[in-house]
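Q: Next input, structure requested:
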Amino acid sequence: TFDSRAVVIAYARSAMFAPIMKDWKDKYEKAKAEKNEAVIKECEAWGPNYHKLQMLQAFSIASVTDILEKVKDQLPKAAKEAGVDILVSKWELAYQNPSFEIVDVTSYLAKIFNPDDQTLKIIGELAKQPPIPLFEALQMKEEE
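A: Predicted structure coming up:
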């Protein structure tokens, strides 16, 4: 199993994520320069919505399948290194037969994103905290 919160933290702080944000910012700036209202509205909606998704993923139990899809070719290697046959979010594990051994593979998945020392520290601190219940997280207001 893995802590999905660590996956989104490692991804969001990775070199893989930076170009995505740059592309959206460039798209937004171009739309503003061209006064393309449809694209401006699209970008203005995307930013807050994507931020909310990342907050739900990073601090609650929202799925990170969208992120894992980006690295799906690297998942078999991570599973092999961890010595497991399946990868599942620890928050999605509804039942386990007591005879099954649960292995924490969080570090193997985070490694895919080449985390720096600060990211590893954040992930370590996050692991000490329980996730915010999803319904509670959905109701939280953004700080203004």
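
Q: ok, the nearest residue to residue 31 once chain neighbours are set aside to residue 24 distance?
A: Nearest residue to residue 31, sequence neighbours excluded (CB to CB, 6 or more residues apart in numbering): residue 39, at 3.7 Å. (Glycine included, C-beta is placed from N, CA and C.) Separation of residue 39 from residue 24 (CB to CB, to the nearest Å) stands at 11 Å.

Q: any residues touching stretch 26-35, and which ones?
A: With CB atoms under 8 Å, 6 or more residues apart in numbering as the test, stretch 26-35 has contacts from 36, 39, 40, 42, 43, 44, 47.

Q: List the ones among the residues you listed that fall in helices.
A: With DSSP state H as the criterion, helices contain 39, 40, 42, 43, 44, 47 from among these.

Q: can you pull the contacts of the residue nearest to residue 31?
A: For residue 39, the contacting residues are 27, 28, 30, 31, by CB under 8 Å, 6+ apart.

Q: Please list only the buried members of the residues you listed.
A: 27, 28, 31 (16 or more other CB atoms under 10 Å).

Q: Point out where the chain drops to low pLDDT.
A: For the chain, the stretches flagged by pLDDT under 70 are 142-144.

Q: what about 90?
A: Applying pLDDT under 90 to the chain picks out residues 18, 21, 47-48, 96, 100, 138-144.

Q: who touches the residue nearest the centre of it in this structure?
A: A centroid search over the chain (CA atoms, centre = their mean) returns residue 8, at 2.1 Å, as the residue closest to the centre. The contact partners of residue 8, by CB under 8 Å, 6+ apart, come to 54, 57, 58, 64, 67.
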